[in-house]
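*Asks:* My questions concern the predicted model and sequence given below.
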Amino acid sequence: MDKFLIDGPCRVKGKVLISGSKNASLPILAATLLFDQPVIIKNLPRVRDINTMFNLIKSLGSKVILSKDKKTAKIINSKNMKTFASYSLVKTMRGSILVLGPLVAKYFKSKTSLPGGCLIGARPVNYHLEALKKLGMNYEIKDGYIIAKSKGRLDGKIIKFPKISVGATENSIIAGCIAKGTTILKNCAIEPEIKDLSNFLNSAGAKIKWSGRTCTIKGVNSLNQTEYSVMPDRIEAGTFCVAATLARGNLEIQNLNPKIIKTELNLLKKVGAKIRIEKNKIFIKGPDKIKSIKNINTKAFPGIPTDLQAQLMVLMCKAVGKSSITESIFENRFMHVAELQRLGAKIKIKNNRATIEGNTKFIGAELMSSDLRASVALVLAAIVSHGKSYINRIYHLDRGYEMIENKLKKIGVKIKRLK
C-alpha cells in the first residue's frame with residue numbers, strides 16, 4: 001500500500017491549477033444512465049472515485065470511451081441495460097447510491113447495494129428512498145440491497161426534504177427529469193455541484209428551475225445528446241487556500257470562480273491571509289501569525305463545508321490562541337484528531353465540538369489516514385511539521401485529489417510517494 005513521505009517544514013509558492021470537481025462529476029455520470037443518445041463529459045478529475053463510477057456504469061451496460069488524458073469521457077448506453085448495482089462496486093463509495101434514481105426512472109426497476117465510503121458517520125439513505133417513494137418507487141431492503149420497482153414512469157409530486165441532503169436532492173432531480181408531470185422539491189441542498197448537475201441536465205433538454213431552496217422540474221419524455229464540462233473542484237481549491245495560509249505561502253490558484261468559495265475566503269481573511277481575486281483566479285498570501293477564530297461551524301452551502309473542516313482544524317492548531325470547531329453535518333468526522341495529536345496538537349473533543357489550543361509546534365511522525373478529507377489534513381500538518389512524516393493509507397487521498405503530490409511538488413513541498 002502506498003504512503004507519502006513529507007519532509008517539513010515547507011513554504012509553498014507558485015501556481016496551482018484546480019481539477020474538475022469530483023462531487024459534481026459523480027451525479028453527472030450517474031445521470032448519463034437516463035440517456036439513449038451518446039453523452040460527452042469534459043473536465044473530469046483523474047481520481048479513484050471517478051474510476052469506481054465508470055466501473056459501475058460499465059457494469060450496467062454503458063460503454064465509456066476515454067480521451068488520452070482521461071479527462072473527457074464519451075458515454076454510450078447499450079440497448080439492453082442492466083439494473084443490478086453490485087456490492088463489490090458500491091461498497092467503496094457513497095456516491096454509488098446515485099444510480100438508484102436514474103435506473104428506476106428509466107428502467108422501472110433496480111437492485112442497488114446499500115453504499116459504503118468514508119467512515120465519517122451514518123449518512124442514511126432514507127431521505128433518498130422516501131423521496132423516490134413519493135415519486136412512485138416501491139422498495140424493500142433485503143440482504144443489504146435496495147430492491148426497487150415502479151409501475152411504469154414515475155409521477156411528479158411535491159416533496160419537502162425533512163433535512164437538507166445533497167445526495168437525496170441529486171437523486172430526486174435526476175429521477176424527476178423524466179417523470180410524468182411536475183416535481184417540486186423543497187428544502188433542497190443548493191451546493192454548486194447540484195447546480196452543475198441541473199445545468200448538465202438542462203443542456204440535454206431537461207426543464208429544471210431554481211428559486212432559493214426550491215427546485216421545480218417539468219418532466220420530459222427523453223433527453224438529447226449533449227457535451228458538458230464539469231465545474232472546478234471547490235474543495236481542492238479551498239484546501240490549497242488553507243495550505244497557503246498555513247505555510248506562509250504565496251499561491252496563485254487558477255481555473256476557479258472565486259464566488260463559489262466566498263465563505264471560505266472570508267474566513268481566511270479573518271485569520272490574516274491577504275487575498276486578491278480576479279475572474280478565474282485567487283492570489284493568496286499567508287500571514288506570519290495566524291489569528292484564531294472562536295467558533296467555526298460547518299453548515300450546508302453557503303456555509304463552511306464539512307469537507308474543509310479537517311483542513312481548517314490544522315490551521316487553527318497553528319493559530320495564536322484558542323479556537324473551536326463545531327461539526328454540524330456528520331457525527332463521526334473528527335477521526336483525524338488522534339493523528340494530529342501524534343504530531344503534537346492539543347485538541348479536546350466533546351460531542352460534536354473540538355477545542356483547539358493553538359500555538360502548536362508540529363513534530364513529524366508516522367500517521368494513518370482514516371478518510372478522504374482527514375488524509376489531506378494530515379498532509380497539510382506534515383507540510384508545517386519539523387522533520388519527516390509518513391502518511392499511510394493514502395488510497396483515501398487518491399479517491400478525491402488528482403495527482404496531489406505532483407501539485408504539491410510544483411509549489412515547493414518535499415513529498416515522495418513510497419510504494
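*Replies:* Happy to help now that I have it.
*Asks:* which residue sits closest to I253 in space, ignoring its chain neighbours?
*Replies:* In space, and not counting its chain neighbours, I253 is closest to I282: 4.3 Å by Cβ to Cβ, 6 or more residues apart in numbering. For every residue, glycine as well, the C-beta is placed using N, CA and C.
*Asks:* Three-state assignment for I159, please.
*Replies:* What DSSP: H, G, I helix; E, B strand; the rest coil gives for I159 is strand.
*Asks:* swap in the one 10 residues further on?
*Replies:* Recorded secondary structure, T169: helix (three-state DSSP).
*Asks:* what's the answer for I325, then?
*Replies:* strand.
*Asks:* is it true that N221 lies in a strand?
*Replies:* No: using three-state DSSP, the secondary structure at N221 is coil, not a strand.
*Asks:* Strands of the stretch 301-419 of the chain, start to end?
*Replies:* For the stretch 301-419 of the chain, strands defined by DSSP state E, counting those that start in this stretch occupy the ranges 323-326, 347-350, 353-356, 366-368, 387-392, 415-418.
*Asks:* Mind putting the ones you listed into CSV with mean pLDDT, mean neighbour count and distance to L380?
*Replies:* Converted to CSV, these look like this (pLDDT from 0 to 100; neighbours: other Cβ atoms under 10 Å; distance: least, Cβ to Cβ, whole Å):
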stretch, mean pLDDT, mean neighbour count, distance to L380
strand 323-326, 96, 20, 15
strand 347-350, 95, 13, 15
strand 353-356, 96, 20, 14
strand 366-368, 94, 19, 12
strand 387-392, 97, 19, 11
strand 415-418, 97, 15, 12
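*Asks:* Let's have those in JSON lines, adding distance to P305.
*Replies:* Putting the strands of the stretch 301-419 of the chain into JSON lines (distance: least, Cβ to Cβ, whole Å) gives the following:
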{"stretch": "strand 323-326", "distance to P305": "12"}
{"stretch": "strand 347-350", "distance to P305": "20"}
{"stretch": "strand 353-356", "distance to P305": "16"}
{"stretch": "strand 366-368", "distance to P305": "23"}
{"stretch": "strand 387-392", "distance to P305": "22"}
{"stretch": "strand 415-418", "distance to P305": "25"}
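*Asks:* Looking at those strands, which is nearest to E236?
*Replies:* The closest of the strands of the stretch 301-419 of the chain to E236 is strand 415-418. By Cβ to Cβ, the value is 16.1 Å.
*Asks:* Now do the closest one: which elements does it pack against?
*Replies:* The helices and strands touching strand 415-418, judged by 3 or more Cβ pairs under 8 Å, 6 or more residues apart in numbering; DSSP states H and E, are strand 3-8, helix 404-410.
*Asks:* so which of these is the most packed in?
*Replies:* Looking across those with neighbours counted as mean count of other Cβ atoms under 10 Å, the highest average goes to strand 3-8: a mean of 20.
*Asks:* How far does it sit from its chain's centre?
*Replies:* How far strand 3-8 lies from its chain's middle: 24 Å, per Cα atoms, centre = their mean, to the nearest Å.
*Asks:* quick one: L378 and G387, what's the gap?
*Replies:* Between L378 and G387 the computed distance is 14 Å (Cβ to Cβ, to the nearest Å).
*Asks:* next one: L135
*Replies:* To G387, L135 is 56 Å away according to Cβ to Cβ.
*Asks:* can you check F283 too?
*Replies:* Distance, F283 to G387, using Cβ to Cβ: 31 Å.
*Asks:* ok, now S150?
*Replies:* Using Cβ to Cβ, we find S150 at a distance of 59 Å from G387.
*Asks:* same deal with L380?
*Replies:* The value you get for L380 to G387, if Cβ to Cβ is used, is 16 Å.
*Asks:* count of neighbours near the spatially closest residue to S21 that is not a sequence neighbour?
*Replies:* Leaving out its chain neighbours, the residue that sits closest to S21 by Cβ to Cβ, 6+ apart is D233, at 4.1 Å. Neighbourhood size, D233 [other Cβ atoms under 10 Å]: 27.
*Asks:* Please tell me I have it right and D233 contacts S25.
*Replies:* No: the pair D233 / S25 is not scored as a contact, 9.0 Å apart, by Cβ atoms under 8 Å.
*Asks:* if I look at these two, which residues touch both of them?
*Replies:* P45 (Cβ atoms under 8 Å, 6 or more residues apart in numbering).
*Asks:* Run through this structure and note the low-pLDDT ranges.
*Replies:* Across the chain, the ranges flagged by pLDDT under 70 are 116-124, 331-332.
*Asks:* From the centre of it, point out the most distant residue.
*Replies:* Largest separation from the mean C-alpha position in the chain: K151, at 33.5 Å (Cα atoms, centre = their mean).
*Asks:* my read: that one touches G136, true?
*Replies:* Yes: under the criterion of Cβ under 8 Å, K151 makes contact with G136 at 7.0 Å.
*Asks:* check which helix or strand covers the residue nearest to I253.
*Replies:* Here I282, judged by DSSP states H and E, is contained in strand 281-285.
*Asks:* Same check on C241?
*Replies:* Judged by DSSP H and E, C241 forms part of helix 234-246.
*Asks:* how far does that helix sit from the chain's center?
*Replies:* Offset of helix 234-246 from its chain centre (Cα atoms, centre = their mean): 14 Å.
*Asks:* Please apply the same query to stretch 203-218.
*Replies:* The gap between the average C-alpha position of stretch 203-218 and the chain average comes to 22 Å, counting by Cα atoms, centre = their mean.
*Asks:* and that stretch, C-alpha only, in CSV?
*Replies:* What follows is stretch 203-218, C-alpha atoms only, in CSV (Å, rounded to 0.1, in the frame of the first residue of the first chain):
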residue,chain,number,x,y,z
SER,A,203,-28.1,21.3,-21.6
ALA,A,204,-29.7,18.0,-22.7
GLY,A,205,-33.3,19.4,-22.7
ALA,A,206,-34.4,18.9,-19.1
LYS,A,207,-36.6,21.6,-17.6
ILE,A,208,-35.2,22.4,-14.2
LYS,A,209,-35.6,25.8,-12.5
TRP,A,210,-34.4,27.0,-9.1
SER,A,211,-35.8,29.5,-6.6
GLY,A,212,-33.8,29.6,-3.3
ARG,A,213,-34.0,26.0,-1.9
THR,A,214,-36.9,25.0,-4.2
CYS,A,215,-36.3,23.1,-7.4
THR,A,216,-39.1,22.7,-10.0
ILE,A,217,-38.7,20.0,-12.6
LYS,A,218,-41.1,19.6,-15.6
